[in-house]
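A.B. asks: All I have is the shape, not the residue letters:
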């Protein structure tokens, strides 16, 4: 399967030369990956509540992973009530099957959008301040240095 950066229709739609899109890495936090696990987002993306299976499949990121996919840093929380953790797991599986390097951190018991996990971003909600989860920022920075 061709990776998304090789799909002619993307370059045509964006009116840019083929090959222009070549990220060196991707950093995904609470990622919506699969139409199977977050269908409403894909309907919104396509602006079509009646999108076909093929259209949904085409936009599902785990279906676009190939040997040319860039390395990834992924962070999620295991009990995220907004974006099912299965999105992260299906992506990790696709990356593994294609021998793509990735770093993944899944934290327990934290809400979707915990942000930095510290006093700055807790917005008055104590459970959004978690020192172990706040470590994701350091891990992400270190990962980015080594991509």
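C.D. replies: All right, it came through fine. Since we're looking at a predicted model, the values are computed, not measured.

A.B. asks: Only C-alpha atoms from now on, for both contacts and neighbour counts.
C.D. replies: OK.

A.B. asks: And the closest residue to residue 58 other than its chain neighbours, how close does it get to residue 119?
C.D. replies: Distance criterion C-alpha to C-alpha, 6 or more residues apart in numbering; nearest residue to residue 58, sequence neighbours excluded, is residue 64 at 7.6 Å. Residue 64 sits at a distance of 37 Å from residue 119 (criterion: C-alpha to C-alpha, to the nearest Å).

A.B. asks: Looking at those two, which is more packed in?
C.D. replies: Between residue 64 and residue 119, residue 64 has the larger neighbour count (other C-alpha atoms under 10 Å), namely 20 against 15.

A.B. asks: Model confidence for the spatially most central residue of the chain, exactly?
C.D. replies: Most central in the chain under C-alpha atoms, centre = their mean is residue 31, positioned 3.4 Å from the mean C-alpha point. We have a pLDDT of 95 for residue 31.

A.B. asks: cool, and residue 123?
C.D. replies: Residue 123 is given a pLDDT of 81.

A.B. asks: All further residue positions should be reported with the first residue as 18.
C.D. replies: In the new count, where the first residue is 18, that last one comes out as residue 140.
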